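> Provide a 3D model corresponding to the input given below.
(one chain, ligands or ions: 1)
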Amino acid sequence: MHKIVIAIDGYSGCGKSSTAKSVAKELGYTYIDSGAMYRAATLHFLNHQVAIDKPEQVKQYLAGLNITFMINPETKEQETYLNGVNVEEEIRTMRVSDYVSEVSKIKEVRTELVSQQQKLGKSKGVVMDGRDIGTVVFPEAELKVFMTADLEIRAKRRQKELQEKGAEIALEKILSNLAERDKIDSGRKESPLVKASDAVEVDTSHLQFEEQVNQIVALANDRI
Ligand code: C5P
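Coordinates of the predicted model:
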C-alpha cells in the first residue's frame, strides 16, 4: 500500500504529540516525537553542564548523543532513551521545558537532529510532530498539518497532563513557559516555527480529541 509522510507542526501544548500518536495508530504508521529528541539533547547538555554558547563543546557533546525510542511492553507507549537510559519522565520536567527552546536555537543541534529525523522517515509511513517538520525536515511531506489552540486552553490541558503524572504546577508557570517557548520558537533564526504554505490549519481550541484525530486521518486517507 502507498505510504505517506505526515508532518504535524504547531505551538507548544496544542496536543500535537497525543494527536500524532493516535493518527499513527489509526493508520498503522510509526510515530516520531521530534520534540522528545530536542528534550533529550537538552537533558544531555544539562547533565554534562555544557556551555551552549561554545560551539566546540556543543559539537563534542552532540557526538556522544544517542537518542532512541522503544515501546514499553506494559503500557504499549513509546518511550525515549538517552544513551540507553529511559528518560521519558525526566525530559517532560519543567527543568528541561524551561531550557529546551534555548538549546533548540543552536544550529549544530538542529543540523544533527534534522539529519536523524530524516533517516527515521526515509521509508515513509511516519507521523512526525514538531516545529519545522513540514518546512525543513520533510518539505515534500504528502500531508502537512499546522495545529493551533488558545494559549489559556493549552496551559490548562498541559496542567492536567502534569497533574496526572503527579506534578502540581501553577497555571501561571505553565502559561509563561508556553508563551516563552512560542516566542523563542517563532522568533529564532534557525528554522523558526512557521506554518508551511501548503499546510492545513487545525485549531483544536474547541475540538474534542477524537474530532481532531479523525480530521487528520481523513486528510491522510485522501492522500494515500
Ligand atoms: O514538542 P515539544 O513541546 O515537546 O518540544 C519541546 C521544544 O523543542 C519546543 O519548544 C522547541 O523549542 C523544540 N523543538 C524544535 N523543533 C522541533 C521540535 C521541538 O525546535 N521539530
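> can I assume residue 205 sits in a helix?
No. With DSSP: H, G, I helix; E, B strand; the rest coil as the criterion, residue 205 is coil rather than part of a helix.
> Next one: residue 131 from residue 117, what distance?
12 Å (CB to CB, to the nearest Å). (Glycine included, C-beta is placed from N, CA and C.)
> more crowded one of the two?
residue 131 (27 against 21; other CB atoms under 10 Å).
> The more buried one and residue 187 touch, don't they?
No. With contact defined as CB atoms under 8 Å, residue 131 does not count as touching residue 187 (11.9 Å).
> tally of neighbours for residue 208?
Other residues close to residue 208 by other CB under 10 Å number 9.
> I should have written residue 132 there, sorry.
Residue 132: 25 neighbours (other CB under 10 Å).
> ok, now which ones touch it?
Each residue near residue 132 by CB atoms under 8 Å, 6 or more residues apart in numbering is listed here: 9, 110, 114, 191, 192, 193.
> ok, the residue lying closest to residue 203 once chain neighbours are set aside to residue 117 distance?
Among residues not flanking residue 203 along the chain, residue 148 sits closest, at 5.0 Å (CB to CB, 6 or more residues apart in numbering). Residue 148 is 22 Å from residue 117, where distance means CB to CB.
> thinking again about what came up before, most surrounded residue in the contacts of residue 132?
residue 9 (27 neighbours).
> Would you mind confirming that that residue is in contact with residue 144?
Yes. With contact defined as CB under 8 Å, residue 9 reaches residue 144; the gap is 7.4 Å.
> residues shared between the contacts of these two?
133, 134, 196, 199.
> of those, list those near the ligand.
Filtering those for proximity to the ligand by CB under 6 Å from any ligand atom leaves residue 133.
> Could you identify the buried members of the shared contacts of residue 9 and residue 144?
133, 134, 196, 199 (16 or more other CB atoms under 10 Å).
> And what about the third one, helix, strand or coil?
So the one you mean is residue 196. Under three-state DSSP, residue 196 comes out as coil.
> Would you mind pulling the contact partners of the biggest helix by length in the chain?
Among the segments of the chain that qualify as a helix by DSSP state H, the longest is helix 171-187. With contact meaning CB under 8 Å, 6+ apart, helix 171-187 is reached by 11-13, 94, 97-98, 100-102, 104-105, 131, 151-152, 154-156, 158-159, 162, 192-194.
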